[in-house]
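Chemist: no FASTA, just this:
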């Protein structure tokens, strides 16, 4: 066996009081630890380029390329535990202690590490207090000028089996879940709410006692905002050998929901401890500290399968959303993907809507940046682009950025405020709008390269920059991060049209309609089909789909312009003129001459097939009565 000696940053961590927790409830403790490993610990280690050297039942040893990476990883894990322990009694909290050291280690052929570098990290972890990170002097020297950390110098400490005393520094980032270490001006909404409610309790203790005497315990105010558990789907076929599909649906929905920015999703390993057991959603909500419970079933009926799902408020037991659909069993894999997409995207929208409504009820005067961003997201889903409601929603995003310039949701959505009028040929300064939109999208991706909305935003900017191939790559990344994200289908259709490939747009929109038949913005799918049919010179089909769109959303200027052109090209002159007059009256209309349309169309795409369509489109507008200048 050969050995390699090297300098390494080592992180050692373990669970405080593991034996006590396991004795009280071993199965649940193990399930919670597995969930923490899959949801928090392993992803955080991966992000910071760590290598797991070994695991024990309650501990872990990790090697990093730098002390900075090791400390950042430990800080994120400890902060993550603060969130997960909110509202839990002390005896049920899982707390970690960590030790970090930079030292000489010996790496063996199997990847195991030995030597003083490992031993000192382990001894530091052993003497650390719950929720803290202990650093050796060698480790602290590497990070003291690189990280903004509050550190306590504990002086020289004698560590077991270590010959020389080691100077130790303590980071107490994970201590006291009730009082997270944040400046007063950045106190979270939950802390503000808790303070206000305590005040009300003092004023009205007698009334509160009477109310409590008639009601059961509720979900804690400190429960994470978009927190949910997907309970194992029930197999109603009566054949236990068919459980695999229900289990697969549960796991895929858990994964899909976990991709929503800002969500806290209980891991599959914990959720499956409830399989086959009678459940009380209120009890589950309190037990897992979540606001929402998703449950469902699958049932095979002949050659079909029926899938049902419902979203439940864990505090009240109220049903907030439900969906059901039947599918053929012929292609099980494809059907499973469609089920997940069909369920996950409407569910995501409903989760955001419900949470935004809850915020409006509970904290109208104490909104933090993330609350404002969530309200913005809800309004963005539900309102038509350019409408007063849409502008008001984006106003919440602007307010959120004033409070937190790094809010990824706000940055992503504000991109669309500037770029959508450009791609709809309704902007008087497209170059300036593209610059502003690109700034927002680029900032969002720099902060969170795994946020699917940010990739969709960047893709739409790339479309306006005449880079449809690059936009397609961004959209593929967006859908890889969240396969249920049907809004990505719209810029994909735009890319097809700008590349002169409308024949690809139509089946893409048919799939989007099938996957999200009750989408709040279903009309956008109709719009893209109408545009594609007009490019294919199938004017009668274009007229049909554009009219279907405008029947749902009558305030879309570009759709009315496309309809006017299609009617004129189809020989329906009177109807074309009427459509053009409606176009002029719409609030969002900016382009009112053929020259203005030509300038903006040429700035969007230089593909010959697209330019040929653009010329034919302008000819239709000309026939409908639009002036040249």
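Modeler: On my side now, so go ahead. All values derive from a computational prediction rather than experimental measurement.

Chemist: helix or strand right after the helix or strand where residue 566 lies?
Modeler: Assessed by DSSP states H and E, residue 566 sits inside helix 557-569. Using DSSP H and E, the helix or strand that directly follows helix 557-569 along the chain is helix 573-585.

Chemist: what angle do that following helix and helix 557-569 make?
Modeler: For helix 573-585 against helix 557-569, the angle by axes from the mean of the first three to the mean of the last three CA atoms, to 10 degrees is 160 degrees.

Chemist: mind listing what's buried in helix 573-585?
Modeler: Within helix 573-585, the residues that qualify as buried by neighbour count (16 or more other CB atoms under 10 Å) are 575, 576, 577, 579, 580, 582, 583. Where C-beta positions appear, they are placed from N, C-alpha and C, glycine not excepted.

Chemist: and the helix holding residue 566, how far out from the chain middle?
Modeler: Taking the mean of its C-alpha atoms, helix 557-569 sits 36 Å from the chain's own mean (CA atoms, centre = their mean, to the nearest Å).

Chemist: stretch 226-241 now?
Modeler: Here stretch 226-241 is found 23 Å from its chain centre; the criterion is CA atoms, centre = their mean.

Chemist: ok, then the element right after the strand or helix carrying residue 286?
Modeler: Using DSSP H and E, residue 286 maps to helix 281-288. Sequence order places strand 292-301 as the next helix or strand after helix 281-288, per DSSP H and E.

Chemist: just the helices in the stretch 101-250 of the chain please.
Modeler: All helices of the stretch 101-250 of the chain, identified by DSSP state H, counting those that start in this stretch, fall at 116-127, 137-143, 189-203, 205-214, 243-258.

Chemist: run through the stretch 101-250 of the chain and note the low-pLDDT ranges.
Modeler: The stretch 101-250 of the chain contains residues with pLDDT under 70 at 146-149, 172-225, 241-242, 244.

Chemist: same question for stretch 38-58, mean pLDDT?
Modeler: For stretch 38-58, mean pLDDT rounds to 82.

Chemist: check the offset of that stretch from the chain's centre.
Modeler: The answer for stretch 38-58 is 22 Å, by CA atoms, centre = their mean.

Chemist: cool, stretch 389-397 as well?
Modeler: On the basis of CA atoms, centre = their mean, stretch 389-397 sits 19 Å off its chain's mean C-alpha point.

Chemist: which other residues reach that stretch?
Modeler: Stretch 389-397 is contacted from outside by 372-373, 375-380, 382-384, 407, 409-410, 413-414, 417, using CB atoms under 8 Å, 6 or more residues apart in numbering.

Chemist: the same query, at a cut-off of 10 Å, please.
Modeler: Here stretch 389-397 makes contact (CB atoms under 10 Å, 6 or more residues apart in numbering) with 356, 367, 369, 371-385, 387, 407, 409-418, 420, 440.

Chemist: how close does residue 370 sit to residue 164?
Modeler: Look at residue 370 and residue 164: by CB to CB, to the nearest Å, they are 47 Å apart.

Chemist: again with residue 326
Modeler: From residue 326 to residue 164 the distance is 72 Å (CB to CB).

Chemist: same question, residue 401
Modeler: When distance is defined by CB to CB, residue 401 is 51 Å away from residue 164.

Chemist: could you do residue 407 as well?
Modeler: As judged by CB to CB, residue 407 and residue 164 stand 47 Å apart.

Chemist: please say which of these two ends up with more neighbours.
Modeler: Neighbours per residue, other CB atoms under 10 Å: of residue 407 and residue 164, the larger number sits with residue 407, 23 against 9.

Chemist: quick one, what contacts that one?
Modeler: So residue 407 contacts 368-370, 372-373, 376, 397, 400-401, 413-414, 444, 447 (CB under 10 Å, 6+ apart).
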